[in-house]
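here is my input; please provide its structure:
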Amino acid sequence: RLAVASRSRIFARGTTSTRNWQSEGKMKILISQVQWTETVGEPWTQAWLTKLLTNTRNFFLENSDGKLDIEWKVAPFIRMAGTPSPEISAYAPLMALGINPNDYERGVYISPGLAGYGKGYNWGRTSWILGGIDYAYFSLPHELGHSFGFPHAASLQLGLTEYIGTAKTLRFSPLEYTTGGSLNGTGDPTSGMGYSGNLSNFSSIERASAGWITPAIYDGGDRTYDLTAASVRGGSLYAVKVPMAMFKSSSTRVYWFERRAQSGFDGRLNTGNCGIVVRVRGDFGAYYGAGIDATSRTATYGSPNNPLSDMAFQVGDSFTDDAIQMDVIGEGKIRIRPALVAAPIAAGMAFVIDNLPAGASGISGDGEVSFTGIWKTQGVQQMRAYKPNSALAAYKSTVPATYTFKTRPMPAGRYDVAIWYPPQISSGAYACVAVPFTVSGHTAADVTKTFDQRFYGGQWMLHGTYDFAEGAQGIVSVTNGTDVAIADAVRFLKAV
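As a prediction, the model looks like this:
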């Protein structure tokens with residue numbers, strides 16, 4: 001006969017064991033099947049249960065690289081009376097069956113609907129899932145993940161993705177910025193702890209915290225790593241951990257780099273989520289880690305019903321935050337190095353002029369600046385602006401505004417003339433789509449070129465190479481024209 005109990009405090013007992021939270025070896029888990037007295041027949045088949053438990057065991061074998069196996073103990077159905085409530089207990093009827101829940105590392109209760117708890121829930125070492133549905137193939141590994149202390153897996157959209165052909169570079173927020181971006185606390189589709197509903201492997205942060213993998217620790221040099229996909233057992237290296245305190249002592253930011261492929265339990269990942277996945281921990285509210293969206297300009301915000309579909313970096317792609325740069329140089333192969341820094345330039349070989357604060361004109365750097373119209377800092381996205389002064393903007397107006405950079409007299413020669421501006425993720429009335437920059441003072445006619453200041457900024461952008469006579473003064477002017485214009489810095493570098 002099925003034991004009968006009232007529905008009071010089903011989850012209160014069976015969780016008081018003093019055993020360690022085992023993550024290696026063979027873990028014993030008790031499966032308690034609960035059937036309401038009003039239910040006719042068994043609410044799920046034993047074939048469904050067998051498939052569920054087999055699937056979950058294989059999932060943990062894959063994620064732990066074979067370090068953790070599960071031994072299931074399936075208790076007989078326990079029939080309970082009344083309406084579903086979280087305040088019910090199966091402890092006494094299990095003991096009546098000769099089964100002590102405290103003899104097991106974990107306990108899982110499977111029942112028909114439980115009011116207020118959706119399709120799954122976890123209380124430390126005890127979990128509950130809704131039985132008889134396909135979603136359980138996701139919810140059981142997910143809830144057991146919580147029992148290891150894994151939080152929900154977040155996603156983060158931050159930075160600017162720039163394209164050269166099909167290759168992309170994500171220019172992420174520099175270390176001086178610790179807030180911003182769009183964080184979705186459950187939006188990472190590349191972890192079983194997200195809310196996608198499609199089971200994929202746990203993240204490298206989660207697997208490392210359980211002791212299943214050991215990441216390589218980046219040391220600040222120029223290093224190459226060959227990563228094994230998370231779904232492949234027996235790999236030599238699954239992740240690289242990069243603590244950014246080595247570049248800025250006060251930084252709590254840590255990056256994790258891992259590889260995903262459409263195999264094993266990652267077989268249902270979108271193609272765009274396979275490749276190199278970058279995670280960040282410590283800044284931007286990602287205290288437990290968040291998967292970074294590699295394609296920040298595709299505005300599909302991660303959500304339970306619309307997870308990110310193109311967050312991985314592919315061969316030829318790069319990631320940089322001004323301190324480090326990661327390049328994907330092959331399938332699963334990455335190069336990490338300090339971000340590119342311009343080589344020292346001999347005295348007299350370069351002339352660099354930064355803008356001055358709003359409303360000021362006069363000497364700046366290796367020359368001087370002047371302006372007409374109105375230039376101000378309001379509304380300018382300053383991330384990746386040339387230092388020390390904030391970039392200035394002239395907004396659309398019936399009165400043209402021009403900002404002019406002029407060098408002091410230069411030696412004769414050929415110079416590469418470049419401009420610098422912070423990228424502006426803007427549109428509509430604030431667009432910087434076709435901003436004209438004119439170079440003059442050289443031996444030929446003035447040359448005007450337009451730049452799309454929404455993209456590709458935060459670095460020297462070549463305007464052109466021009467010949468200057470002895471004592472000539474190079475001039476760069478930018479005007480708002482029909483668009484918002486950004487004035488930040490210019491450089492005249494003598495060509496070798």
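
where does Glu143 sit: helix, strand or coil?
helix (DSSP: H, G, I helix; E, B strand; the rest coil).

for it, which non-adjacent residue is closest in space?
Sequence neighbours aside, Ser127 is the residue nearest to Glu143 in space, at 3.9 Å (criterion: CB to CB, 6 or more residues apart in numbering). Any C-beta I mention is one placed from the backbone N, CA and C, and that applies to glycine too.

and that neighbour, what does it touch?
Contact analysis of Ser127 by CB atoms under 8 Å, 6 or more residues apart in numbering lists Arg106, Gly107, Val108, Tyr109, Gly120, Tyr121, Leu140, Glu143, Leu144, His146, Ser147.

and the strand or helix carrying it, how far out from the chain middle?
When elements are assigned from DSSP states H and E, Ser127 belongs to strand 126-130. Between the centre of strand 126-130 and the centre of its chain there are 29 Å (CA atoms, centre = their mean, to the nearest Å).

can you check stretch 53-73 too?
Distance, stretch centre to chain centre, for stretch 53-73: 28 Å (CA atoms, centre = their mean).

buried ones in it, by neighbour count?
Buried residues in stretch 53-73, counted by 16 or more other CB atoms under 10 Å: 53, 55-57, 59-60, 62-65, 67-68, 70, 72.

can you give me the end-to-end span of it?
Using CA to CA, to the nearest Å, one end of stretch 53-73 lies 10 Å from the other.

contacts for that stretch, please.
Residues outside stretch 53-73 that contact it (CB under 8 Å, 6+ apart): 22-31, 74, 99, 104, 137, 140-141, 144, 192, 199, 201-202, 207, 210-213, 230-231, 233-235, 238, 264-265.

quick one: the residue positioned nearest the centre of the chain from Met193, how far?
Per CA atoms, centre = their mean, the C-alpha nearest to the average position across the chain is that of Ile292, at 1.3 Å. Per CB to CB, to the nearest Å, Ile292 is found 16 Å from Met193.

quick one: pLDDT of Asp302?
That one is not Asp; residue 302 is Gly. Gly302 is assigned a pLDDT of 42 by the prediction.

go on, Asn389?
Asn389 is given a pLDDT of 81.

partners of the strand holding Ser127 in the sheet?
Strand pairing for strand 126-130, determined by DSSP bridges: strand 106-111 (parallel), strand 120-123 (antiparallel).

select the longest helix from the chain.
Ranked by number of residues, the top helix in the chain under DSSP state H is helix 46-63.

ok, the closest residue to Ala239 other than its chain neighbours - how many residues close by?
What sits nearest to Ala239 in space, not counting adjacent residues and going by CB to CB, 6+ apart, is Ser204, at 3.6 Å. Counted with other CB atoms under 10 Å, residues neighbouring Ser204 total 27.

what's the spacing between Ser204 and Ala261?
14 Å.

what residues are shared contacts of these two?
In contact with both Ser204 and Ala261: Ala230, using CB under 8 Å, 6+ apart.

check contacts around the residue nearest to Ala239.
By CB under 8 Å, 6+ apart, the neighbours of Ser204 are Ile213, Pro215, Ala230, Tyr238, Ala239, Trp256, Glu258, Arg279.

what about it, distance to Asp65?
Per CB to CB, Ser204 is found 12 Å from Asp65.

can you check Leu97 too?
From Leu97 over to Asp65 the distance is 36 Å, taken as CB to CB.

ok, now Arg268?
According to CB to CB, Arg268 and Asp65 sit 20 Å apart.

can you give me the helices in the stretch 201-350 of the chain?
For the stretch 201-350 of the chain, the helices defined by DSSP state H, counting those that start in this stretch cover 204-209.

can you pull out the strands in it?
216-217, 223-226, 239-243, 254-260, 275-281, 290-292, 318-320, 324-330, 333-338, 350-354 (DSSP state E, counting those that start in this stretch).

what's the most buried one of these?
Sort the strands of the stretch 201-350 of the chain by mean neighbour count, taking mean count of other CB atoms under 10 Å, and strand 290-292 sits at the top with a mean of 29.

ok now it, how far from the chain's centre?
2 Å.

what is that strand packed up against?
Counting contacts by 3 or more CB pairs under 8 Å, 6 or more residues apart in numbering; DSSP states H and E, strand 290-292 is packed against strand 154-157, strand 275-281.

thinking again about what came up before, now list the buried members of the contacts of stretch 53-73.
Among the contacts of stretch 53-73, those classed as buried by 16+ other CB under 10 Å are 23, 27, 29-31, 74, 99, 104, 137, 140-141, 144, 192, 199, 201-202, 207, 210, 212-213, 230-231, 235, 238, 264-265.

picking that back up, most tightly surrounded among the strands paired with strand 126-130?
Of the strands paired with strand 126-130, the one with the most neighbours on average (mean count of other CB under 10 Å) is strand 106-111, at a mean of 26.

ok, now which ones touch the residue nearest to the centre of the chain?
Applying CB under 8 Å, 6+ apart, the residues near Ile292 are Ser155, Leu156, Leu158, Gly159, Leu170, Phe172, Val278, Arg279, Val280, Met311, Phe319.

where is pLDDT lowest across the residues you listed?
Within the set of the contacts of Ile292, pLDDT is lowest for Gly159 (80).

skipping adjacent residues, who's closest to that residue in space?
Closest residue to Gly159 apart from its sequence neighbours, by CB to CB, 6+ apart: Phe172 at 4.2 Å.

how many other residues sit next to the one you found?
29.

mind putting the strands of the stretch 201-350 of the chain in CSV, distance to Thr372 included?
As requested, these are exported to CSV (distance: least, CB to CB, whole Å):
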stretch, distance to Thr372
strand 216-217, 54
strand 223-226, 50
strand 239-243, 46
strand 254-260, 45
strand 275-281, 43
strand 290-292, 42
strand 318-320, 36
strand 324-330, 39
strand 333-338, 41
strand 350-354, 17
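
closest to Phe437 out of those strands?
Closest approach to Phe437 among the strands of the stretch 201-350 of the chain (CB to CB): strand 350-354, 13.3 Å.
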